[in-house]
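pasting the sequence and the predicted model now:
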Amino acid sequence: MTATASGQTRTVAGSWIDGAVSGADGRPHPVVNPATGSVVAHVAMATTAEVDRAVGAARAALREWSRAAPVERAGVLGKLAELMAANADLFIAEEVSQTGKPVRLATEFDLPGSIDNVAFFAGAARRLEGKAAAEYSADHTSSIRREALGVVATITPWNYPLQMAVWKVIPALAAGCTVVIKPAEITPLTTLTLAHLAAEAGLPAGALNVVTGAGTDVGAALAGHPGVDVVTFTGSTAVGRKVMAAAAVHGHRAQLELGGKAPFVVFADADLDAAVQGAVAGSLINTGQDCTAATRAIVARELYDDFVAGVAEVMGKVVVGDPHDPDTDLGPLISTAHRDKVAGMVARAPGQGGRIVTGGSVPDLPGSFYAPTLIADVDENSEVYRDEIFGPVLTVRSFTDDDDALRQANDTEYGLAASAWTRDVYRAQRASREIDAGCVWINDHIPIISEMPHGGVGASGFGKDMSDYSFEEYLTIKHVMSDITGVADKDWHRTIFTKR
């Protein structure tokens, strides 16, 4: 296939299996720049037979990679981080062209965060310690081994192609597992580049394989493949349930990071300016195509009118346009079909009690842009309040007291992220305890760091990405119990037989 990077055309591999290009002659699928509607690449779609080959390659590579010394695995990942930094311009060009995200976001968030994550796991690979124990039984010494679980099948989404690939692939490799990853067919470029650089960094052939195909066939075949040991997925809750069902057929472990409908709770004592700025940034990041994005502002009545006015004013200054322009704040949605879905939900909001304060329109621009949108006075049962919009839309409701605020925050099936805005330490502590979410920010919304875990509860899935906690998704625990007596005739044998 060919891809556009910094105005130049270069040849990029199709599927990457067992350390080599595979399926380059397969059915071509266009990678479209959503800011312009132009095709930036054609990628050959994989087949289910290639899924079989990829899983087989990962299985064959498992023994060597899982038994490599931690320092060896760390060395490969450390080299990969260096190569990613050296190829920063390529990653940024590919990420911007395939997703339409603003170049400033890709340059200052996606890429450095991904490199840092790789570097973190390069170090963490050397801390995969078990637990040594004294004699819990008088006649034995016990120890715990943490061993690579096996072959990992992972399916990643289109909103953060590079970051999601890193979050799933790198801790698995650091733990000694081997991986087959299927990126979204509309945004495969940076995942393929990552795999090529991993090979250059010294990763053995077969340890990381990429299959480029649709979820309906290639994704389903991978999630339900009998040759894998764990299935990880980031995407919508509806698809995540299908992935879990496919994995369950063979009794495989699953880790799912799914949808979100994050509450943004602003108490009466909050710094209003900070909350307004945070709400705009938290709701518009990646054009709102972020499962942790602030989507439900729940605001104290005392601040409600000022909050709505402040958010509308700041949203009105957001620059929507060419994602390659460093002055652009908001890029397009991923496709015209997705834009139309977002526009339809917003258009129905007034009929369900909502008031469109600003936005709610399609800008006069090529591509799939949508204006930053604020909807006030939404009803608790309205579509825009309950369902994931996945666009640059923030809804606002008021609350009467702290109990009402926390009740509204938890009135959702999702539980991925939330934030609470207050200057009262006791109120902040209560919110952090009582809001049901995998992450609760206090006086901020969105920041993530490699050392801390990411993952949700409820319909937002289970398991963790990033941090040392993510290793548990890719490790199996083995108890080793060693006799220390050297006695052939064990005392417990009498419970089974008696010498005659």
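Here it is on my side, so go on.

when you work out contacts or count neighbours from here on, use the C-alpha atoms and nothing else.
Noted.

which residues of the stretch 1-150 of the chain score low on pLDDT?
Within the stretch 1-150 of the chain, the ranges that satisfy pLDDT under 70 run 1-13, 24, 132, 134.

repeat that for the chain.
By pLDDT under 70, the low-scoring segments of the chain are 1-13, 24, 132, 134, 500.

center of it - which residue?
Met164 (4.5 Å; C-alpha atoms, centre = their mean).

residues near the nearest residue to that one once chain neighbours are set aside, how many?
Once flanking residues are discounted, Met164 sits nearest to Thr156: 6.1 Å by C-alpha to C-alpha, 6 or more residues apart in numbering. Taking other C-alpha atoms under 10 Å as the criterion, the count of residues near Thr156 is 28.

ok so, going back, then the strand or helix carrying the residue nearest to the centre of the chain to CSV, C-alphas only?
Taking DSSP states H and E as the definition, Met164 sits inside helix 161-174. Taking Å, rounded to 0.1, in the frame of the first residue of the first chain, the C-alpha atoms of helix 161-174 are listed here in CSV:
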residue,chain,number,x,y,z
PRO,A,161,-4.6,4.3,16.8
LEU,A,162,-1.1,4.6,18.0
GLN,A,163,-1.8,5.1,21.7
MET,A,164,-4.2,2.2,21.9
ALA,A,165,-1.8,-0.1,20.1
VAL,A,166,0.9,0.8,22.6
TRP,A,167,-1.4,0.3,25.6
LYS,A,168,-2.3,-3.2,24.5
VAL,A,169,0.9,-4.5,22.8
ILE,A,170,3.7,-3.2,24.9
PRO,A,171,2.8,-4.5,28.4
ALA,A,172,2.0,-7.9,26.8
LEU,A,173,5.5,-8.0,25.2
ALA,A,174,7.1,-6.8,28.4
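
quick check: next helix or strand after that helix?
Using DSSP H and E, the next helix or strand after helix 161-174 towards the C-terminus is strand 178-182.

quick one: that next one to helix 161-174, angle?
Using axes from the mean of the first three to the mean of the last three C-alpha atoms, to 10 degrees, the direction of strand 178-182 lies 160 degrees away from that of helix 161-174.

now for strand 178-182, which elements pack on it?
Judged by 3 or more C-alpha pairs under 8 Å, 6 or more residues apart in numbering; DSSP states H and E, strand 178-182 is in contact with helix 48-66, strand 151-155, helix 161-174, strand 208-210.

repeat the analysis, applying 6 Å as the threshold.
Contacting strand 178-182 under the criterion 3 or more C-alpha pairs under 6 Å, 6 or more residues apart in numbering; DSSP states H and E are the following elements: strand 151-155, strand 208-210.

mind listing the strands for the stretch 251-400 of the chain?
Taking DSSP state E, counting those that start in this stretch as the criterion, the stretch 251-400 of the chain carries its strands at 253-257, 262-266, 294-300, 355-358, 373-376, 393-399.

determine the angle, from 0 to 180 degrees, between the third one and strand 262-266.
The reference is to strand 294-300. Using the same axes, to 10 degrees: strand 294-300 against strand 262-266 is 30 degrees.

what pairs with strand 294-300, parallel or antiparallel?
When pairing is defined by DSSP bridges, strand 294-300 lines up against strand 262-266 (parallel), strand 393-399 (parallel).

among these, which comes closest to Glu72?
In terms of C-alpha to C-alpha, the element of these nearest to Glu72 is strand 262-266, at 40.2 Å.

ok, Gly415 - contacts?
By C-alpha atoms under 6 Å, 6 or more residues apart in numbering, the contact set of Gly415 is 436-437, 456-458, 460.

can you tell me, leaving aside adjacent residues, what's nearest to it?
Once flanking residues are discounted, Gly415 sits nearest to Ala437: 4.1 Å by C-alpha to C-alpha, 6+ apart.

touching, that neighbour and Tyr414? I think so.
No: Ala437 is not in contact with Tyr414 according to C-alpha atoms under 6 Å; the separation is 7.8 Å.
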